[in-house]
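> give me coordinates for this.
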Amino acid sequence: MKKKGIRPFYKAMAYRFLFVVCLFSFLTFILSGNIHQINSVSNINGVKSVQAIHIITEYDNRTKPLKTMEVSTMEEASIYGPIMPISFTGQMTAYNPICVGCTGEVYCPPRQDVTNGNIYYEDESYGNIRILAADPNIPCGTIVSISNLTFSEEPIIGIVLDRGGAIKGNIMDFLVSETDDMDIIGRQRGVHYELLRWGW
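The predicted structure is shown next:
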């Protein structure tokens, strides 16, 4: 003789178990953000952009913001600069377009003429910014935020558009006009450089 009520009991337990599993899966899906995305850090030319990395980490609250890596040499800068935000501490000097060996045009394309006192460059992303000479390991078009200066309480944004025979290592040269007093800048030490964009 068959016992009544045993199969319905197991069937009810199976339904309850299935309900719990489905509920758990649904909650896990919702709480995990339910979106898997691939963050692209390339500009239209396929070049990796530190600026794009900053934008992604600023607006994607599911990830921790990337920390800026402090480098000590320009060789390290050339390794890490293309793939992550970097900074370094160094010196700053100043030069003007009538310096010995200067041609009046900056080294990097579009080879802007600076003999007319035009010591700024109009960048599509950063606007009107100062022109800098830097070590060859830092590519043309690199955007730099410069702080800990004696002549400016606010950080100054500049762009690497020039080179210089004495500009090697952790030093940058600040382009000034012919009428500016270069002694105001002199040789700044302990200057902090943060690279906001690596090259063009």
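
> what stretches of this structure score poorly on pLDDT?
Along the chain, segments meeting pLDDT under 70 span 1-10, 26-66.

> again, only using 80
Filtered on pLDDT under 80, the chain yields the residue ranges 1-66, 99-102, 178-181.

> what about the helices in it?
Secondary structure of the chain (DSSP state H): helices at 6-31, 50-59, 74-80.

> where along this structure do the strands fall?
69-70, 86-95, 120-123, 127-133, 143-147, 156-162, 171-175, 188-197 (DSSP state E).

> for these, which one sits closest to K11?
When those are compared by CB to CB, strand 69-70 sits nearest K11, at 60.3 Å. Bear in mind the C-beta positions are built from the backbone N, C-alpha and C, glycine included.

> which other residues reach the closest one?
If you take CB atoms under 8 Å, 6 or more residues apart in numbering as the criterion, strand 69-70 is touched by Y80, M84, P85, I86, S87, F88, T89.

> again, 7 Å this time
Applying CB atoms under 7 Å, 6 or more residues apart in numbering, the external contacts of strand 69-70 come out as Y80, M84, P85, I86, S87, F88.

> any chance of a markdown table for the strands of the chain, columns mean neighbour count?
Formatted as a markdown table, the strands of the chain follow (neighbours: other CB atoms under 10 Å):
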| stretch | mean neighbour count |
| --- | --- |
| strand 69-70 | 14 |
| strand 86-95 | 19 |
| strand 120-123 | 16 |
| strand 127-133 | 18 |
| strand 143-147 | 19 |
| strand 156-162 | 23 |
| strand 171-175 | 23 |
| strand 188-197 | 19 |
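
> possible to save those as CSV with distance to M182?
Shown next, in CSV, are the strands of the chain (distance: least, CB to CB, whole Å):
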stretch, distance to M182
strand 69-70, 29
strand 86-95, 4
strand 120-123, 17
strand 127-133, 13
strand 143-147, 16
strand 156-162, 15
strand 171-175, 9
strand 188-197, 12
